[in-house]
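*Asks:* sharing a model prediction with you, sequence too.
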Amino acid sequence: MPNSDMREILEPYVARLSGVCALGMRLLRSSRVHEVRSIGRWQGCRMPLTTRRERRRRGNSRVASMWYRVCKLAGMVAAAVVSAVVVLAAYGADRMPAYAEDDALKGYGVSETGLRPRYPAGYTCSPLTSLYASWKDVDGSGRDEPHSGVDGGRFGEPIIAPGPGEVLAVWLADWGWGPEGALLIRHSADDLNLREGVGQYYSAFYHLNYDEVKGYTAGQRIRRGQTLAHVARPGGRPFYLPEVHWEVYEVRNDAATSWDVNERDHAYWTNRTSRLVDPLYLMAREEGTLEGSDVLIEPFQAGKNYDDYSGFTYILPCTKRK
């Protein structure tokens with residue numbers, strides 16, 4: 001049977017199974033995992049009966065725990081097996097190692113990727129202070145859930161657009177730190193010169209000064225290297241360390257994005273086809289920017305031609321040393 005025919009037969013089943021698993025993993029991402037035990041490449045987690053996000057939306061519930069057990073213990077194993085069959089059938093066995101490695105670097109399910117930034121020689125860069133899937137906050141304290149993005153920046157520093165795109169939304173968010181500005185940018189695969197994968201990516205920026213970003217309008221074009229805002233404090237509160245929180249999502253169906261209101265009467269977005277990925281993965285798409293687990297940070301340089309650049313450039317300033 002031709003590979004294309006095999007792929008058409010199997011992919012609907014993979015899609016259904018992946019949908020179940022994606023829902024379970026989204027609940028897992030928002031949960032507070034109490035314990036992680038590793039045996040080889042397998043991990044087992046113990047978690048409470050409710051998740052933070054589930055309590056916000058529906059009150060105390062056992063739904064998260066149920067989905068966790070169903071997906072983590074059964075669905076993920078089945079999905080891995082069926083996905084392997086699809087890849088082998090559609091692309092050939094020689095593609096399997098690269099496929100698996102690429103998914104591991106994305107960090108689906110807020111899992112550690114091992115990617116670390118390496119800042120360019122001869123530059124002083126404002127560093128990332130808390131990485132994707134980290135259990136450490138910017139002040140060194142422990143988190144109660146793995147980090148869903150990256151943090152960084154010093155107060156007042158520019159936040160630089162990592163790639164071209166367009167504004168999807170700007171709003172006043174509040175997840176417990178206090179009201180703050182939030183900005184959502186959509187990057188198409190063409191914007192980022194990415195030839196494989198999904199059709200669009202979202203960049204979500206939080207802990208912004210709302211007065212600074214409220215002038216953005218949906219559909220407004222964003223240039224790579226454009227100053228989006230400046231680093232502020234979560235909720236604008238002086239007792240929090242300054243930082244920008246940046247999340248990156250793969251999005252398969254842009255039309256599935258919808259909005260709701262949390263218990264603090266502030267808006268938030270959801271998309272059932274979105275998957276969080278490590279922002280460093282998108283900063284390692286240009287040829288030569290990934291060496292082992294090191295991502296060679298590319299600071300945006302005014303005047304440089306980025307028309308053919310693949311993926312993201314750095315979101316914080318780097319100054320060339322004299």
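*Replies:* Okay, I see it. Just so it is clear, the structure is predicted and the values come from calculations on it, not from any experiment.
*Asks:* how many neighbours does residue 170 have?
*Replies:* The local packing of residue 170 (other C-beta atoms under 10 Å) involves 22 other residues. Any C-beta I mention is one placed from the backbone N, CA and C, and that applies to glycine too.
*Asks:* all helices of the protein, in order?
*Replies:* Assigned by DSSP state H, the helices in the chain fall at 3-29, 52-58, 63-70, 76-91, 96-106, 210-213, 279-282.
*Asks:* between those, which gets the lowest average pLDDT?
*Replies:* Lowest mean pLDDT within the helices of the chain: helix 52-58, a mean of 39.
*Asks:* look up the pLDDT of residue 44 for me, please.
*Replies:* pLDDT, residue 44: 35.
*Asks:* let me see the contact set for residue 112.
*Replies:* 132-133, 146 (C-beta atoms under 8 Å, 6 or more residues apart in numbering).
*Asks:* just send those back as a markdown table, with pLDDT and distance to residue 162 too.
*Replies:* Formatted as a markdown table, the contacts of residue 112 follow (pLDDT from 0 to 100; distance: C-beta to C-beta, whole Å):
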| residue | pLDDT | distance to residue 162 |
| --- | --- | --- |
| 132 | 98 | 14 |
| 133 | 96 | 19 |
| 146 | 96 | 22 |
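*Asks:* ranking these by neighbours, who comes first?
*Replies:* Going by other C-beta under 10 Å, residue 132 tops the contacts of residue 112 with 27 neighbours.
*Asks:* so it sits against residue 110, correct?
*Replies:* Yes. Residue 132 is within contact range of residue 110, at 7.4 Å (criterion: C-beta atoms under 8 Å).
*Asks:* shared neighbours of these two, anything?
*Replies:* With C-beta under 8 Å, 6+ apart as the test, residue 132 and residue 110 both reach 147-148.
*Asks:* what's the distance between residue 279 and residue 128?
*Replies:* Taking C-beta to C-beta, to the nearest Å as the measure, residue 279 falls 9 Å from residue 128.
*Asks:* got any residues that touch both of those two?
*Replies:* Residues touching both residue 279 and residue 128 (C-beta under 8 Å, 6+ apart): residue 150.
*Asks:* spatially nearest residue to residue 266 (excluding sequence neighbours)?
*Replies:* Nearest non-adjacent residue to residue 266, counting by C-beta to C-beta, 6 or more residues apart in numbering: residue 174, 4.0 Å away.
*Asks:* what's the burial count for the one you found?
*Replies:* 17.
*Asks:* all strands of the stretch 101-250 of the chain, in order?
*Replies:* All strands of the stretch 101-250 of the chain, identified by DSSP state E, counting those that start in this stretch, fall at 116-118, 123-125, 128-130, 150-152, 158-160, 165-173, 180-188, 200-208, 221-222, 227-230, 244-251.
*Asks:* with distance to residue 266 and mean pLDDT as new columns, can these be given to me in TSV?
*Replies:* Compiled in TSV, those are given as follows (distance: least, C-beta to C-beta, whole Å; pLDDT from 0 to 100):
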stretch	distance to residue 266	mean pLDDT
strand 116-118	31	98
strand 123-125	33	98
strand 128-130	23	97
strand 150-152	20	98
strand 158-160	21	99
strand 165-173	6	98
strand 180-188	9	99
strand 200-208	12	99
strand 221-222	24	99
strand 227-230	18	99
strand 244-251	15	98
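*Asks:* of all these, which lies closest to residue 264?
*Replies:* Across the strands of the stretch 101-250 of the chain, residue 264 has its closest neighbour in strand 165-173 (9.2 Å, C-beta to C-beta).
*Asks:* which strands border the closest one, and is each parallel or antiparallel?
*Replies:* Paired neighbours of strand 165-173 in the sheet (DSSP bridges): strand 180-188 (antiparallel), strand 221-222 (antiparallel).
*Asks:* deepest in the core, which of those is it.
*Replies:* Greatest average neighbour count among the strands paired with strand 165-173 goes to strand 180-188 (a mean of 22), per mean count of other C-beta atoms under 10 Å.
*Asks:* between strand 244-251 and it, find me the angle.
*Replies:* Interaxial angle, strand 180-188 versus strand 244-251 (axes from the mean of the first three to the mean of the last three C-alpha atoms, to 10 degrees): 40 degrees.
*Asks:* could you dump strand 180-188 to CSV, C-alpha only?
*Replies:* Extracted as CSV, the C-alpha positions of strand 180-188 are listed here (Å, rounded to 0.1, in the frame of the first residue of the first chain):
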residue,chain,number,x,y,z
GLU,A,180,-2.3,43.8,34.0
GLY,A,181,-2.0,44.2,30.3
ALA,A,182,-1.9,41.1,28.1
LEU,A,183,-1.0,41.0,24.4
LEU,A,184,-1.7,38.1,22.0
ILE,A,185,0.1,38.0,18.6
ARG,A,186,-0.5,35.5,15.8
HIS,A,187,2.5,34.5,13.6
SER,A,188,1.7,32.5,10.4
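*Asks:* since that was my last question, I'll sign off now.
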